[in-house]
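>>> quick one: sequence plus predicted model below, questions after.
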Amino acid sequence: MFVCEYCGRDVEYSIAESALRIYCSNACKQKAYRERKKRSNSDFDNVLMWKCGDCGQKQFVEPSSACEFCHGDNWQAVKLSGRADF
């Protein structure tokens, strides 16, 4: 017997079935996959990038000094909306 990792239902399985199963059905397996995928995308949406307003140089760490390329001090926080922002 095992407990489905998605719905928590107790499931019995025969010896012929793999002991490594973690989901009770393909539906639970698919729902778990979609939740993981949604969670990873939402984590990405919370990332901030810093962009120099003078030269456009980008960095992912909050700047503590002037831009190393143009020596400007005009940093702007930009929230990433997708991979196209890189």
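Good, I have the coordinates.
>>> can you show me the helices along the protein?
Taking DSSP state H to define them, one finds helices in the chain at 26-45.
>>> so what's the gap between the helix or strand of the chain with the lowest mean pLDDT and the chain middle?
Every helix and strand in the chain was compared by mean pLDDT, DSSP states H and E; the lowest is helix 26-45, with a mean of 79. For helix 26-45, the separation from the chain centroid amounts to 10 Å (computed by Cα atoms, centre = their mean, to the nearest Å).
>>> report the buried residues of it.
Of the residues in helix 26-45, those buried by neighbour count under the rule 16 or more other Cβ atoms under 10 Å are 28-29, 32. The C-beta positions use only the backbone N, C-alpha and C, and glycine is treated the same way.
>>> which strands and helices sit next to it?
Contact partners of helix 26-45 among helices and strands, from 3 or more Cβ pairs under 8 Å, 6 or more residues apart in numbering; DSSP states H and E: none.
>>> do me a favour and get the end-to-end distance for stretch 9-26?
Length of stretch 9-26, first residue to last, Cα to Cα, to the nearest Å: 14 Å.
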